[in-house]
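Novice: kindly generate the corresponding structure for this input.
(2 chains)
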There are 2 protein chains.
Amino acid sequence: MSLLTVGSVAFDAIETPFGKTDKIIGGAGTYIALSASFFEKNQGICAVVGEDFPQEMLDKLSSHNVNLEGLQVKKGEKTFFWSGKYHNDMNTRDTLITELNVLEHFDPIVPDSYQSHDYLMLGNLSPQVQSTVIERMNKRPKLVAMDTMNFWMDIAMDDLKKTISMVDLLILNDEEARQLSGEYSLVKAAKKIKEIGCKYLIIKKGEHGALLFHGEEVFYAPALPLEEVFDPTGAGDTFAGGFMGYLSATDDISFENMKRAVIVGSALASYCCEKFGTEKLTTINKKEVEARINEFVALANFDMKELVTE
Amino acid sequence: MSLLTVGSVAFDAIETPFGKTDKIIGGAGTYIALSASFFEKNQGICAVVGEDFPQEMLDKLSSHNVNLEGLQVKKGEKTFFWSGKYHNDMNTRDTLITELNVLEHFDPIVPDSYQSHDYLMLGNLSPQVQSTVIERMNKRPKLVAMDTMNFWMDIAMDDLKKTISMVDLLILNDEEARQLSGEYSLVKAAKKIKEIGCKYLIIKKGEHGALLFHGEEVFYAPALPLEEVFDPTGAGDTFAGGFMGYLSATDDISFENMKRAVIVGSALASYCCEKFGTEKLTTINKKEVEARINEFVALANFDMKELVTE
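Specialist: Sure thing, here's the model as predicted:
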């Protein structure tokens, strides 16, 4: 099948207890597309960069089978730039710099060649931009998923809820789920969020794994216990990319297959944390991804038959 | 097979955001024995209570196939009493009252009828009392497990490490694992703790599940996502009881069977949180326990075959 991703393609500068980077390539769209490329060979991306964005990185996306027809390069403008510093526990970070640049007036273009894409992943962007892309698709994709963040809950809650009501699946983290729903219990939060209108919900809990909700069904995927998280930047987007890339490549949106997709996303996210930025994602191969997925099988699966037939 | 538990049999008074109890029956030994009784029908307990402890509750333990020959009743003395209040997030609590009473000079007796017990569970008590019980067993049980708490790390770290080096399995929670090892990463913490001398380690993460470590193997069990945690008192002991009761009843200490035992413990612990104290544990039946275990199977298992054979 085919996957269309909408998301930022950007510069990041990251500081963790393990080191510090200059401007490196980042952005939700970049992580999603690279991660999805391990499974889906037919991808497009709606994004915008400035004149300062390196052609070399665009070529790298192309070499990962990401069609760039919907990626706008704005002459005389600068690419979105984010800089952040992680605290020692790696669970909290301070944003040091946010320069919106080209993102400020991002008007996504959905070229004809993207119109037949079956799966749509809306990376974290303003809810307005996200809903615009849905509206610009001539036919409804089989599954529309979106990510978001607390920032939009603070400044555009009504727009955000409207966009959530237009998608099938919402992906967010535990803190965002609590803020969006006003509920501390994630089970209660999930109920309230699904009432906004999305059928499926994934709540990411970082080192504690992820929960997938649909109707009365729940799946709890573990996270791989890591000795060290070197740099968590992009892990959430990498998760979403692996999830959607796998769903799209297998073209099966049953709950059982979504479970597998959550594991695929978790496996790729665990790799993402091992190096700065997209470095790990651009150096591993499919065999390594499969090996990591098998680690998850060993980590999480058990055979309870003996008891149940007792 | 057979299980010997050493642990407090006590009075608790609990306050949670959902309500408040008078003095009710609690104690690690009580929770462990009741929980294990769903699987193991041959149990003994080493404990001590005062004259004030109700015969009715002792009869209840007997009716759950717990032999009380090693339970001392001290004339003219009072039973251990703990009182605590949970905060709104249910993850933290304040201890309001601790009256050691009979526990202050607890000298455990291991009657002849317990000497052949194959599995030994040392509930949270002073490391000195725990090691004394191991020494008083004429033959080494097949598996010796222990629980502990931060209190003993604060006041008796050397004794605690000595006792840990005498057991096969240590069960503690994430905060305790961090304090014991001085490592934030649970993977690093697990390595350091195993160096103290125990072969197996379980780190409980509350609502985030539990990790089982042995050599290079790791198993990550989920916790059941609950709408509400009514009262978490005793959940950790209930987990340990279910774990050890299942291991003992199946008499199989392979890693695969320990995975099952972790799920059994998790299922029982999830029930424990639904009512105050031991109320839920004393009113559910085996069928309900099996149904809860099946919920864990649906929650955690996935079939990755399609990908792996790709």
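Novice: how many neighbouring residues does whichever residue of the stretch 1-150 of chain A sits closest to chain B have?
Specialist: With CB to the nearest CB as the measure, residue A:89 is the residue of the stretch 1-150 of chain A nearest to chain B, at 6.7 Å. C-beta here means a position set from N, CA and C on the backbone, and glycine is covered the same way. If you count neighbours by other CB atoms under 10 Å in any protein chain shown, residue A:89 ends up with 10.
Novice: A strand includes it, no?
Specialist: No: with DSSP: H, G, I helix; E, B strand; the rest coil as the criterion, residue A:89 is coil rather than part of a strand.
Novice: where's it relative to residue B:184, distance?
Specialist: Separation of residue A:89 from residue B:184 (CB to CB, to the nearest Å) stands at 7 Å.
Novice: please apply the same query to residue A:163.
Specialist: For residue A:163, the distance to residue B:184 (CB to CB) stands at 37 Å.
Novice: which one of those two has more residues nearby?
Specialist: In this view residue A:163 and residue B:184 are compared by other CB under 10 Å, and residue A:163 has more residues nearby, 28 against 14.
Novice: that one and residue A:146 touch, don't they?
Specialist: Yes: here residue A:163 reaches residue A:146: they are 6.7 Å apart, a contact under CB atoms under 8 Å.
Novice: can you pull out the helices in the stretch 51-200 of chain A?
Specialist: Along the stretch 51-200 of chain A, counting by DSSP state H, counting those that start in this stretch, helices occupy A:55-63, A:127-136, A:150-155, A:157-164, A:174-181, A:186-196.
Novice: export those to TSV and tack on mean pLDDT and distance to residue A:4?
Specialist: Shown next, in TSV, are the helices of the stretch 51-200 of chain A (pLDDT from 0 to 100; distance: least, CB to CB, whole Å):
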stretch	mean pLDDT	distance to residue A:4
helix A:55-63	96	14
helix A:127-136	98	8
helix A:150-155	95	21
helix A:157-164	98	16
helix A:174-181	97	23
helix A:186-196	97	23
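Novice: could I get the ones you listed in CSV, plus columns for distance to residue A:255?
Specialist: As requested, the helices of the stretch 51-200 of chain A are exported to CSV (distance: least, CB to CB, whole Å):
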stretch, distance to residue A:255
helix A:55-63, 32
helix A:127-136, 23
helix A:150-155, 27
helix A:157-164, 20
helix A:174-181, 19
helix A:186-196, 14
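Novice: reformat those as TSV; add distance to chain B.
Specialist: Listed next are the helices of the stretch 51-200 of chain A as TSV, based on distance: least, CB to the nearest CB, whole Å:
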stretch	distance to chain B
helix A:55-63	22
helix A:127-136	27
helix A:150-155	19
helix A:157-164	21
helix A:174-181	10
helix A:186-196	5
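Novice: coming back round to it: who touches both of residue A:163 and residue A:146?
Specialist: Listed as contacting both residue A:163 and residue A:146 by CB atoms under 8 Å, 6 or more residues apart in numbering or on different chains are A:122, A:130.
Novice: how about residues contacting the helix or strand harbouring residue A:5?
Specialist: Using DSSP states H and E, residue A:5 falls within strand A:3-6. Residues outside strand A:3-6 that contact it (CB under 8 Å, 6+ apart) are A:29, A:32-33, A:36, A:40, A:42-47, A:70, A:108, A:110, A:114, A:117-123, A:125, A:129-130, A:133, A:137, A:141, A:241, A:244-245, A:248.
Novice: output it as PDB, restricted to C-alpha atoms.
Specialist: Extracted in PDB, the C-alpha atoms of strand A:3-6 (Å, rounded to 0.1, in the frame of the first residue of the first chain):
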ATOM      1  CA  LEU A   3       1.600   6.100   3.300                       C
ATOM      2  CA  LEU A   4       1.400   9.800   3.300                       C
ATOM      3  CA  THR A   5       3.100  11.700   6.200                       C
ATOM      4  CA  VAL A   6       2.600  15.300   7.100                       C
END
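Novice: and the closest residue to residue A:227 other than its chain neighbours, what is it in contact with?
Specialist: What sits nearest to residue A:227 in space, not counting adjacent residues and going by CB to CB, 6 or more residues apart in numbering or on different chains, is residue B:187, at 4.6 Å. By CB under 8 Å, 6+ apart, residue B:187 lies in contact with A:225, A:226, A:227.
Novice: hmm, which of those are the buried ones?
Specialist: Neighbour counting with 16 or more other CB atoms under 10 Å in any protein chain shown marks A:225, A:226 as buried within those.
Novice: quick one: the contacts of residue B:187 as TSV, columns for distance to residue A:14 and secondary structure too.
Specialist: Formatted as TSV, those follow (distance: CB to CB, whole Å; DSSP: H, G, I helix; E, B strand; the rest coil):
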residue	distance to residue A:14	secondary structure
A:225	23	coil
A:226	17	coil
A:227	20	coil
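Novice: now the contacts of residue B:187 in TSV, with pLDDT?
Specialist: Shown next, in TSV, are the contacts of residue B:187 (pLDDT from 0 to 100):
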residue	pLDDT
A:225	95
A:226	91
A:227	90
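Novice: from the contacts of residue B:187, which is closest to residue B:202?
Specialist: For the contacts of residue B:187, the residue nearest residue B:202 by CB to CB is residue A:225; the value is 13.0 Å.
Novice: wouldn't that closest one be in contact with residue B:188 here?
Specialist: No: if you go by CB under 8 Å, residue A:225 and residue B:188 don't touch, sitting 9.9 Å apart.
Novice: residue numbers of the stretch 201-310 of chain A in contact with chain B?
Specialist: Residues of the stretch 201-310 of chain A found near chain B (CB under 8 Å from any CB of the partner chain) are A:205, A:208-209, A:211, A:217-223, A:225-228, A:246, A:250, A:256, A:259-260, A:262-264, A:290, A:293-294, A:296-304, A:306-308, A:310.
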